[in-house]
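Student: I'd like to go over a predicted model; first the sequence, then the structure.
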Amino acid sequence: MRLSSMADYAVVTMSAAARHCGHARVSATQLAEETGLPLPTVQKLVSLLGSAGLLHSIRGVKGGLQLARPAAAISLADIVEAVEGPIALTACVESSRHECALEGSCTVRPHWPIVNEALRGALAEVPLTRLAQIEGAPLKRAQMEHPA
């Protein structure tokens, strides 16, 4: 399994935003500069991450972006699902998808939800605080517990 570029970029963007946690709010332009991602990509990600309840946008002179909840309460699974939708290795677990020729006789299909939940569980165990670390330097406790 491989993440899409957008999911990967979402992780990079959220990690950069987490490093601002507890400090001044950050703009999409700042996130683009810090991550090296194109501004339109960051703006699209900010919209997706905001819709998923991971980023909060504040308007005005002192506005900007901030994490919607503490970095320690945001997982890799949350970020990936914000961009990709529910985590699943196969499409056959979705009741509306009928793309597999083996669907009617597949004996493995009933087990895919277990596999998908195990994968999601593993990603859910990785907190944003860990992803935001730079070369082993952990975030300060205040940054982990309180968004800006």
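Tutor: Thanks, I have the structure now. If you're wondering where the values come from, they're calculated on a predicted model, not measured in any experiment.
Student: contacting residues around whatever helix or strand Thr41 lives in?
Tutor: Under the criterion DSSP states H and E, the helix or strand holding Thr41 is helix 39-51. With Cβ atoms under 8 Å, 6 or more residues apart in numbering as the test, helix 39-51 has contacts from 6, 9-10, 13-14, 28-29, 31-32, 35, 37, 55-57, 65, 68, 79, 82-83. C-beta: built from backbone N, CA, C; applies to glycine.
Student: Export only the CA atoms of the helix or strand that it is followed by, formatted as CSV.
Tutor: Note on helix 39-51: by DSSP H and E, the next helix or strand toward the C-terminus is strand 55-58. Provided in CSV are the C-alpha atoms of strand 55-58 (Å, rounded to 0.1, in the frame of the first residue of the first chain):
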residue,chain,number,x,y,z
LEU,A,55,-7.4,22.6,11.1
HIS,A,56,-9.2,25.7,12.2
SER,A,57,-9.1,28.9,10.2
ILE,A,58,-9.4,32.2,11.9
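Student: most remote residue from the chain's center?
Tutor: Ser105 (35.5 Å; Cα atoms, centre = their mean).
Student: And it, how far from Leu128?
Tutor: Per Cβ to Cβ, to the nearest Å, Ser105 is found 42 Å from Leu128.
Student: Equivalent analysis for Gly50, please.
Tutor: From Gly50 to Leu128 the distance is 15 Å (Cβ to Cβ).
Student: quick one: which of these two has more around it?
Tutor: Leu128 (27 against 15; other Cβ atoms under 10 Å).
Student: Enumerate every residue touching that one.
Tutor: Per Cβ under 8 Å, 6+ apart, neighbours of Leu128: 14-15, 18, 67, 71-72, 74-76, 79.
Student: counting residues per helix, which one in the protein is longest?
Tutor: helix 5-19 (DSSP state H).
Student: What pLDDT does the model give Gln30?
Tutor: On pLDDT, Gln30 comes in at 94.
Student: Good, wrapping up.
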